[in-house]
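Peer 1: sequence-free structure coming up:
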């Protein structure tokens, strides 16, 4: 995630207006030009229909905040709701409440804690229309992209609801002397997890990351981004109805530089998703207190289209990988490497699909892409595109804002001929912009893909699955998708997901995604005789006895 859109510091959209002046000198397209607009169905809901004063009051009643702030919708720039705003003192109060609740929650049997997630899973699927409206209003994304969050949360809830007890159950290990030493590994909750969640996936990256922490017996104090707080609060409401005690999940709201450090200051473990720059600061703050941290940070993700790839399928996959959530996805594709023998064919098909994408701002299915989230993100996208074109890059598709749809819409954009030192070549754009590059052999493609300090996600396309997987193993990214852009790796929640290099520390999903919220404890029970001279042995006889024992254990292939 880019520094310009760090979690908790999204600029207010209050000054933006529907149909307002674009932040670029590029003109909005006239009729018949540019990406088409998805028609709004009759009777579609509006922000006023969804976020009523009663709904806002109900969702925010438990926020620990003594001040007032507000959030806004990127679709129009209009205010959605007044929100409580937290001070550092409010954060301390939230941790006090969470700490008291955590002691009681940790005593609830593990299977009962896990069962809460399974009930939550059903509530989310049953009431998904509610949260889809909130996600769209708070992020500006298309409804299908909002539904990806519902899918991800449901999968995580099911997985940790079913598998959590197995991940956390006591495990026996061979002791230093078999039969004489009985060893059990226990998993103890860390206590209160401080979670700082971003704006781009406000459902999945809030409650989705908190679910394993709850199963492990922790409480959570979460700071969502102010502009997307209602989505996270809706998730909290459903989880409480599913059986989570209210005080186990505390929410604080406020500016990142104010509230974020306070969360880190009190947490027993920190979970952060955001920019690499701020991630370093969070890690330093946690390290100073000797508490653990997991960080999912920025990326400049690459997609490799090998010479034997199915060109049409790869073009369709590139559309999904580059423009889902308007490119505001940490694992989206920003660099496209295509074998020179198929590059022209691929680019033609990719451009045709991109130009046909329907843009829209209604709370309904039908749009292929929605809005950017804030003025600062629109500025970054505009700067990257305009600088690249001014320095010789070719605009294949898009490249302009769409104020006729909303103040923060920007067309899905393809650039060809990008090269250093253009900013778009190496900096994370975090918007609907992708650069296409050609390569001559796989070694070159792998070297180009790895030529970045980031290492979050990548994608490889080939008709030969074995070949694709072999190339994937050479890429320095935490997840690699073969013949898919990002969803296969992210959605496979039994496997770990996270970044290498400047893309972060730690993993979500799988065993690592829940064990990180625990402290490992070894209980060793010594029986019959101590690990010391006994039964009248001299030191020398004990040493000979232990020497024979160690040789015997090696011969018996004991581990």
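Peer 2: In hand now; what should we look at? Only a predicted model underlies this, so the values are computations on that prediction, with no experimental measurement involved. Numbers count the residues shown, from 1 in each chain.

Peer 1: quick one: the strands in the stretch 1-150 of the chain, in order.
Peer 2: Listed from the start of the chain, the stretch 1-150 of the chain has strands (DSSP state E, counting those that start in this stretch) covering 67-72, 79-85.

Peer 1: make JSON lines out of the ones you listed and add mean pLDDT.
Peer 2: Written out in JSON lines, the entries for the strands of the stretch 1-150 of the chain read as follows (pLDDT from 0 to 100):
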{"stretch": "strand 67-72", "mean pLDDT": "97"}
{"stretch": "strand 79-85", "mean pLDDT": "97"}
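
Peer 1: would you tell me which one of those strands is buried the most?
Peer 2: strand 79-85 (a mean of 20; mean count of other CB atoms under 10 Å). (Glycine included, C-beta is placed from N, CA and C.)

Peer 1: tell me the strands beside it, with direction?
Peer 2: According to DSSP bridges, strand 79-85 forms sheet pairs with strand 67-72 (antiparallel).

Peer 1: columns distance to residue 504 on top of the strands of the stretch 1-150 of the chain, output as JSON lines?
Peer 2: Supplementary listing: the strands of the stretch 1-150 of the chain in JSON lines, determined by distance: least, CB to CB, whole Å:
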{"stretch": "strand 67-72", "distance to residue 504": "26"}
{"stretch": "strand 79-85", "distance to residue 504": "28"}
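
Peer 1: closest one to residue 468 among the ones you listed?
Peer 2: With CB to CB as the measure, strand 67-72 is the member of the strands of the stretch 1-150 of the chain nearest residue 468 (42.3 Å).

Peer 1: and the residue nearest the centre of the chain, what element?
Peer 2: Within the chain, one residue has its C-alpha closest to the average C-alpha position: by CA atoms, centre = their mean, that is residue 205, at 5.0 Å. In this structure, residue 205 is located outside every helix and strand according to DSSP states H and E.

Peer 1: next up, the contacts around it.
Peer 2: Counting by CB atoms under 8 Å, 6 or more residues apart in numbering, residue 205 touches 197-198, 273.

Peer 1: now, which of those lie within helices?
Peer 2: In this view, these have no member that belongs to helices under DSSP state H.

Peer 1: nearest to residue 498 among those?
Peer 2: For residue 498, the closest of the contacts of residue 205 turns out to be residue 273, at 10.4 Å, with distances computed as CB to CB.

Peer 1: surely that closest one and residue 208 touch.
Peer 2: No - counting by CB atoms under 8 Å, residue 273 does not reach residue 208; the two are 10.2 Å apart.

Peer 1: average pLDDT for the longest helix seen in the chain?
Peer 2: Counting by DSSP H, the longest helix found in the chain is helix 143-168. Rounded to a whole number, the mean pLDDT of helix 143-168 is 98.

Peer 1: show me the one of the strands of the stretch 1-150 of the chain that comes nearest residue 458.
Peer 2: Shortest distance between residue 458 and the strands of the stretch 1-150 of the chain, using CB to CB, is found for strand 67-72: 33.7 Å.

Peer 1: where are the low-confidence patches of the chain?
Peer 2: Within the chain, the set of residues satisfying pLDDT under 70 comprises 1-32.

Peer 1: picking that back up, could you export the contacts of residue 205 as a markdown table, including distance to residue 337?
Peer 2: Rendered in a markdown table, the data for the contacts of residue 205 read as follows (distance: CB to CB, whole Å):
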| residue | distance to residue 337 |
| --- | --- |
| 197 | 32 |
| 198 | 28 |
| 273 | 27 |
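
Peer 1: most surrounded residue in those?
Peer 2: Most neighbours among the contacts of residue 205, by other CB atoms under 10 Å: residue 197, with 30 neighbours.

Peer 1: tell me how far residue 329 lies from residue 393.
Peer 2: The spacing between residue 329 and residue 393, counted by CB to CB, to the nearest Å, is 23 Å.

Peer 1: try residue 150
Peer 2: When CB to CB is the yardstick, residue 150 and residue 393 sit 37 Å from each other.

Peer 1: these two: who's more crowded?
Peer 2: Per other CB under 10 Å, whichever of residue 150 and residue 393 has more neighbours is residue 393, with 22 against 19.

Peer 1: which residues touch that one?
Peer 2: By CB under 8 Å, 6+ apart, the contact set of residue 393 is 415-419, 422, 424, 435.

Peer 1: put the buried members of these into a PyMOL selection.
Peer 2: Below is the selection syntax for PyMOL that covers the buried ones among those, with 16 or more other CB atoms under 10 Å defining burial:
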select buried, resi 415+416+417+418+422+424+435
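
Peer 1: from the contacts of residue 393, pick the one nearest residue 476.
Peer 2: Looking at these and their distance to residue 476, the nearest is residue 435, at 19.3 Å (CB to CB).

Peer 1: can you name the residues bridging to the closest one?
Peer 2: Applying DSSP bridges, one finds that residue 435 bridges with residue 335, residue 415.

Peer 1: you'd agree residue 185 is up against residue 169?
Peer 2: No - at 9.7 Å, residue 185 does not count as touching residue 169 under the criterion of CB under 8 Å.

Peer 1: tally of neighbours for the residue nearest to residue 309 when sequence neighbours are not counted?
Peer 2: Beyond its immediate neighbours in the sequence, the residue positioned closest to residue 309 (CB to CB, 6 or more residues apart in numbering) is residue 461, lying 4.0 Å away. Under the neighbour criterion other CB under 10 Å, residue 461 is assigned a count of 27.

Peer 1: look up how far residue 189 lies from residue 461.
Peer 2: Using CB to CB, one obtains 42 Å as the distance from residue 461 to residue 189.

Peer 1: now swap in residue 79 and tell me
Peer 2: Counting by CB to CB, the separation of residue 79 from residue 189 is 39 Å.

Peer 1: what do you get for residue 478?
Peer 2: Residue 478 sits at a distance of 26 Å from residue 189 (criterion: CB to CB).

Peer 1: pretty sure residue 514 sits in a helix.
Peer 2: Yes - in this structure, residue 514 lies within a helix as judged by DSSP: H, G, I helix; E, B strand; the rest coil.

Peer 1: isn't it right up against residue 210?
Peer 2: No - at 11.4 Å, residue 514 does not count as touching residue 210 under the criterion of CB under 8 Å.

Peer 1: and the helix or strand that residue 379 is a member of, what does it pack against?
Peer 2: Counting by DSSP H and E, the element that carries residue 379 is helix 375-390. Packing contacts for helix 375-390, counted by 3 or more CB pairs under 8 Å, 6 or more residues apart in numbering; DSSP states H and E, involve strand 413-416, helix 423-426, strand 433-439.

Peer 1: what angle do the longest one and helix 375-390 make?
Peer 2: When axes from the mean of the first three to the mean of the last three CA atoms, to 10 degrees is applied, the directions of strand 433-439 and helix 375-390 differ by 40 degrees.

Peer 1: got a list of contacts for the helix or strand just after strand 433-439?
Peer 2: Elements were assigned by DSSP H and E; along the chain past strand 433-439, the next helix or strand is helix 442-450. Judged by CB under 8 Å, 6+ apart, the contacts made with helix 442-450 from elsewhere in the structure are 302, 304, 306, 335, 337, 339, 437, 439, 458, 471, 474-476.

Peer 1: for the residues you listed, which one is nearest residue 179?
Peer 2: Here the nearest of those to residue 179, counting by CB to CB, is residue 476; it sits at 45.3 Å.

Peer 1: if I pick that closest one, what's in contact with it?
Peer 2: Listed by CB under 8 Å, 6+ apart, the contact set of residue 476 reads 450, 455, 500-501.

Peer 1: which SSE is residue 211 in?
Peer 2: The secondary structure element spanning residue 211 is helix 207-215 (assigned by DSSP H and E).

Peer 1: which strands and helices sit next to the helix or strand following that helix?
Peer 2: In the C-terminal direction, the helix or strand that comes right after helix 207-215 (DSSP H and E) is strand 219-223. Helices and strands touching strand 219-223, as assessed by 3+ CB pairs under 8 Å, 6+ apart, comprise helix 88-106, strand 192-196, helix 207-215, strand 249-251, helix 256-266.

Peer 1: how about the strands in the stretch 451-559 of the chain?
Peer 2: For the stretch 451-559 of the chain, the strands defined by DSSP E, counting those that start in this stretch occupy 454-455, 457-461, 479-482, 500-501, 504-505, 518-526.
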